[in-house]
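>>> Task: produce atomic coordinates for the following.
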Amino acid sequence: MIDYDKFRKSLKHLELQYENYKTLDPEQTQLIQEAVAESVIQRFETCYDTLWKTLKRYLFEELGVPDVPDSPKKIFRQAGENSLFASSVELWLKYAEARIGTSHDYSGEKAQDALELMNDFLDDAIGLYQTMSGETWE
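Numbering: from 1, shown residues only. Below you'll find the model as predicted:
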């Protein structure tokens, strides 16, 4: 049986911090604005990493897919072939590129690109969580 707790917690933390980011008072100092944005990106990275590893287990243990690969992009393609995503595999590949891009760049263009994908990522990740766990998102 797959334990979805880490995935749920990382997704909830991302969701809450992204809400803080979207509602941040523009009068806050630049330092605070950057810190909140960096926190969103760090939580995205954690959530993304937890998501693809959980998805890998789901493909193997729940769907019986043999030879599940060890890379997120290949796993996303297999998940798409198994109709686990509401959105396109191409969008999931964009999330993968955003994750790669944020590895060492929290304040530049790559960080901004990741932040612009966050609404879609959250919607898709919540949908995937519900599909895999069978639980309703609260």
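>>> Let me see the contact set for the residue most central in space within the chain.
Centroid-nearest residue in the chain: residue 48, 3.7 Å away (criterion: C-alpha atoms, centre = their mean). Shown in contact with residue 48 (C-beta atoms under 8 Å, 6 or more residues apart in numbering): 72, 95, 96, 99, 121. For every residue, glycine as well, the C-beta is placed using N, CA and C.
>>> Select the longest helix from this structure.
Scanning the chain for the helix with the most residues, using DSSP state H, yields helix 30-57.
>>> now that helix, how far from the centre of its chain.
In terms of C-alpha atoms, centre = their mean, to the nearest Å, the gap separating the centre of helix 30-57 from the centre of its chain is 7 Å.
>>> which SS state does the residue with the largest distance to the centre of the chain fall under?
Note on the chain: the largest C-alpha distance from the chain mean falls to residue 27, namely 28.9 Å (C-alpha atoms, centre = their mean). Counting by DSSP: H, G, I helix; E, B strand; the rest coil, the backbone at residue 27 sits in coil.
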